[in-house]
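Peer 1: 3D model of this:
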Amino acid sequence: EELGLGLRLWQGSHKGIERLWLRFYDESGNLIPTEAEERERERQEKERERQEKEQAQTALQELRDRLIAMGLDPDNLPPHG
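Peer 2: Sure thing, here's the model as predicted:
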């Protein structure tokens, strides 16, 4: 209790073994992730960020291409406003 942690049964797979496990939870009832789960979460976050960056770069290139098709130089546009 002092640490704000509790133990509960959790059904899932750990190191390839599917069964009931004791897992730590925080005061709000949120499961405390294992190291492997945290690494996977970080990997997924990096992949999501990579995809977002790729989509933004694609959108920017499409915009540049449209400006060029309109006869405008995207690197030398007048200021807006």
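Peer 1: going forward, measure contacts between C-alpha atoms and count neighbours the same way
Peer 2: Noted.
Peer 1: where does pLDDT dip in this structure?
Peer 2: Residues of the chain that meet the criterion pLDDT under 70 lie in 81.
Peer 1: gap between the residue nearest in space to the middle of it and residue 21?
Peer 2: The chain has residue 45 as the residue nearest its centroid, 2.5 Å off, counting by C-alpha atoms, centre = their mean. Counting by C-alpha to C-alpha, to the nearest Å, the gap from residue 45 to residue 21 is 26 Å.
Peer 1: do residue 51 as well
Peer 2: Residue 51 is 34 Å from residue 21, by C-alpha to C-alpha.
Peer 1: out of the two, which sits in the busier spot?
Peer 2: The residue with more neighbours, out of residue 51 and residue 21, is residue 21; 15 against 12, by other C-alpha atoms under 10 Å.
Peer 1: the protein: helices as residue ranges?
Peer 2: Along the chain, the segments classed as helices by DSSP state H run 35-69.
Peer 1: and residue 77, how far from residue 69?
Peer 2: Distance from residue 77 to residue 69, by C-alpha to C-alpha: 14 Å.
Peer 1: give me the number of residues near residue 24?
Peer 2: So residue 24, with other C-alpha under 10 Å, has 19 neighbours.
Peer 1: residue 31: neighbouring residues, count only.
Peer 2: Neighbour tally, residue 31, other C-alpha under 10 Å: 16.
Peer 1: can we start the residue count at 58 from this point?
Peer 2: From this message on, residue numbering opens at 58, which makes the last subject residue 88.
Peer 1: nice, that's everything, thank you.
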